[in-house]
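S.K.: Dropping the sequence and predicted coords here.
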Amino acid sequence: MKLRKLTGAAAIIAASGFILAGCGNNNSSSSKQDLTWMAKTELESMDISKATDGTSFDQLNNAIEGFYRLGKNSKVEPGIAKKTKISKDGKHWTFILRKNAKWSNGDKVTAKDFVYSWRRTVDPKTGSQYSYLFSGIKNADDIVAGKKAVKTLGIKADGNYKVEVNLEKRIPYFKLLMGFPLFGPQNEKVVKKYGKNYGNSSKAMVYNGPFKQTGWTGTNLSWKLKKNPYYWDKKAVKLNTINYSVQKTPSTDYNLYQSGKLDAALLDPQAAKSLKGKSGYTIRKASSSIYLELNQKKAAFKNENLRKAISLSINRTELAKSIGGAAKPLTTFDPQGIAQAKGKDFTELVKGTETKKFDSYNPAEAKTYWAKAKKELGKKSLSFTILSYDDDASKKGAEFIQSAIETHLKGINVRVQSIPKKAALARGEKGNFDVFLAGWNADFSDPISFLDLHTTGNSYNRGSYSNTEYDKLVAASKTTGSTNQRWDDLAKAEKVLISTQGITPLYQPAEAWMIRPNVKGVIYNGAGSNLNFKTAYIK
């Protein structure tokens, strides 16, 4: 998902979102306040320390609650914390918890649950890919690196209902981060009870959010979110049940929508075009990037000229059209709308001569760079596989790229392997791929959420890109006291990433959906944990 690593000078945090709403006829589930919803990919994990994908975080956003929640337009709203005190220097935070907050097993949610959760996530033994997001919290970096004990993390419980957090420096977007499920509590008793199985099924988990999950076995493609009777603000929750099913083919899910078996359906390009303007038609914009990671642990992809040749062979405009919805071609790693910087969209600071030469469609130049690469590699031909998820958009994207490369770079043979998301992510994490058609959704609306990913050694740097100048610029953006200098450092870093083709940006997703017109109050934010059903209801 989106979405990453923390510290930096003051920045303007902006997140786009909207409420899915409309008018129309009631459906058959109105009296029961039951929804039927879909996910594009299978659920990976309900363990907040180990989840990495958008489907999992959509579930966690509704089943786990931290100090805050993110409402419409990513507005920070009260969660378990009823009051917050912040020191003048911004480095000491005190969270006062509600005494009526409980887990779905009846246990009270206490300060110790937050301390335990944070320590568990940064503990190297847990293997959290998101532990880097704790950077800037006292001793977090050293703990993740195995240099200090977990108990030295800058969080402590003062009694049952007060949590003290100490930062190493002011983090401009810290409050927004606290609305991300990663920073929520965990029930130590439950974690230890289930051990390795914790979070791998609905039963091996406990919930403190508006909903609790049932019916997920760890491998099946359907489950439910049910209203949590122990939730502290249960009176505000209108829905009784959200019936989820994984639908990987848009034509199938739209048929289910038409027959009344789904209240929301993702549309394929043809349906999106024909249904535009109809009641229920909704565009969901995301602070996301879809891009290629070329595994630079493999000799061929260490070659910069090969990476540039591949980038120049892809017509991003046509690729976006083939994906459908309202997808837009992307030549920067950060998507449009991630943040306003110096009075303009941040991506405008990145675009320029340093990047334009290698981020546009230019078959002739692609051939030139491929010729250089062949000479440097001592090869006349090359074969590799593009790994992708097996949902419709991912498969279409991978096949389009396959055709583009084989058409313009003679001598390269490309195979596409589309597999379930969970399996693809596992292979990506292990570096077991040639080229990975990957995606990232911002955890919060700031460029660092993207740029931290490809620093040397980052857990999400699956392509093993490493560039000293890039690392220095990203690090500098986290220590400068000047907002303008911070923007400059981040923009320069992204220019280095693009000009060396450390990754190959492709398109920014924006999906076309049909949402039942009488479904009200579903909040969707482009960045962070997306779907929020707390205030949703059926009219």
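M.R.: In hand now; what should we look at?
S.K.: Can I get stretch 481-491 as CSV, trimmed to CA atoms?
M.R.: Output of stretch 481-491 as CSV, limited to C-alpha atoms (Å, rounded to 0.1, in the frame of the first residue of the first chain):
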residue,chain,number,x,y,z
GLY,A,481,15.3,22.6,9.3
SER,A,482,14.3,24.4,6.1
THR,A,483,11.0,23.3,4.4
ASN,A,484,12.2,24.6,1.0
GLN,A,485,15.5,22.8,1.3
ARG,A,486,13.7,19.6,2.2
TRP,A,487,11.6,19.8,-0.9
ASP,A,488,14.8,20.5,-3.0
ASP,A,489,16.5,17.5,-1.4
LEU,A,490,13.6,15.2,-2.1
ALA,A,491,13.2,16.4,-5.7
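S.K.: Show the backbone phi and psi for the nearest residue to Pro250 once chain neighbours are set aside.
M.R.: Distances taken as CB to CB, 6 or more residues apart in numbering place Asp268 nearest to Pro250, at 3.8 Å, with adjacent residues excluded. C-beta: built from backbone N, CA, C; applies to glycine. Here is the backbone geometry of Asp268 (degrees, to the nearest 10): phi -80, psi 170.
S.K.: can you count the residues close to Asp268?
M.R.: Neighbourhood size, Asp268 [other CB atoms under 10 Å]: 20.
S.K.: Next one: it, what pLDDT does it get?
M.R.: According to the prediction, Asp268 has pLDDT 85.
S.K.: With Ser30 instead?
M.R.: Looking at Ser30, the pLDDT reads 44.
S.K.: repeat for the one 4 residues further on
M.R.: In this model, Asp34 is scored at 97, pLDDT.
S.K.: And Asn25, by the same measure?
M.R.: What the model reports for Asn25 is a pLDDT of 39.
S.K.: where along the stretch 401-539 of the chain do the helices fall?
M.R.: With DSSP state H, counting those that start in this stretch as the criterion, the stretch 401-539 of the chain has helices at 421-430, 448-451, 468-477, 483-499.
S.K.: helices or strands next to the third one in the packing?
M.R.: Just to be clear, that refers to helix 468-477. Identification of packing neighbours for helix 468-477 by 3 or more CB pairs under 8 Å, 6 or more residues apart in numbering; DSSP states H and E yields helix 448-451, helix 483-499.
S.K.: Need those helices in a markdown table (columns: mean neighbour count).
M.R.: Formatted as a markdown table, the helices and strands packed on helix 468-477 follow (neighbours: other CB atoms under 10 Å):
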| stretch | mean neighbour count |
| --- | --- |
| helix 448-451 | 27 |
| helix 483-499 | 22 |
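S.K.: and the helices of the stretch 401-539 of the chain as JSON lines, adding mean pLDDT and distance to Tyr361?
M.R.: Below are the helices of the stretch 401-539 of the chain laid out as JSON lines (pLDDT from 0 to 100; distance: least, CB to CB, whole Å):
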{"stretch": "helix 421-430", "mean pLDDT": "91", "distance to Tyr361": "26"}
{"stretch": "helix 448-451", "mean pLDDT": "92", "distance to Tyr361": "23"}
{"stretch": "helix 468-477", "mean pLDDT": "94", "distance to Tyr361": "25"}
{"stretch": "helix 483-499", "mean pLDDT": "94", "distance to Tyr361": "15"}
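S.K.: Looking at the ones you listed, spot the one closest to Leu256.
M.R.: Proximity to Leu256 (CB to CB) singles out helix 421-430 among the helices of the stretch 401-539 of the chain, at 20.4 Å.
S.K.: gap between the closest one and the chain center?
M.R.: Here the centre of helix 421-430 is set off from its chain's centre by 15 Å, with CA atoms, centre = their mean, to the nearest Å.
S.K.: What of stretch 518-538?
M.R.: Counting by CA atoms, centre = their mean, stretch 518-538 is centred 17 Å from the centre of its parent chain.
S.K.: Alpha carbons of that stretch, in PDB - could you do that?
M.R.: Taking Å, rounded to 0.1, in the frame of the first residue of the first chain, the C-alpha atoms of stretch 518-538 are listed here in PDB:
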ATOM      1  CA  ASN A 518     -28.000   4.000  -1.600                       C
ATOM      2  CA  VAL A 519     -24.700   3.200   0.000                       C
ATOM      3  CA  LYS A 520     -23.700   6.200   2.000                       C
ATOM      4  CA  GLY A 521     -20.800   7.400   4.100                       C
ATOM      5  CA  VAL A 522     -18.000   5.100   2.900                       C
ATOM      6  CA  ILE A 523     -14.800   7.100   3.300                       C
ATOM      7  CA  TYR A 524     -12.000   6.500   0.800                       C
ATOM      8  CA  ASN A 525      -8.600   8.300   1.100                       C
ATOM      9  CA  GLY A 526      -6.000   8.100  -1.700                       C
ATOM     10  CA  ALA A 527      -3.200   7.800   0.800                       C
ATOM     11  CA  GLY A 528      -2.900   5.700   3.900                       C
ATOM     12  CA  SER A 529      -5.400   3.000   4.900                       C
ATOM     13  CA  ASN A 530      -8.100   3.600   2.300                       C
ATOM     14  CA  LEU A 531     -11.500   2.300   3.100                       C
ATOM     15  CA  ASN A 532     -13.300   3.400   6.300                       C
ATOM     16  CA  PHE A 533     -16.700   1.900   6.900                       C
ATOM     17  CA  LYS A 534     -17.200   3.300  10.400                       C
ATOM     18  CA  THR A 535     -19.800   5.900   9.300                       C
ATOM     19  CA  ALA A 536     -21.200   3.900   6.300                       C
ATOM     20  CA  TYR A 537     -24.900   2.900   6.100                       C
ATOM     21  CA  ILE A 538     -27.500   1.900   3.600                       C
END
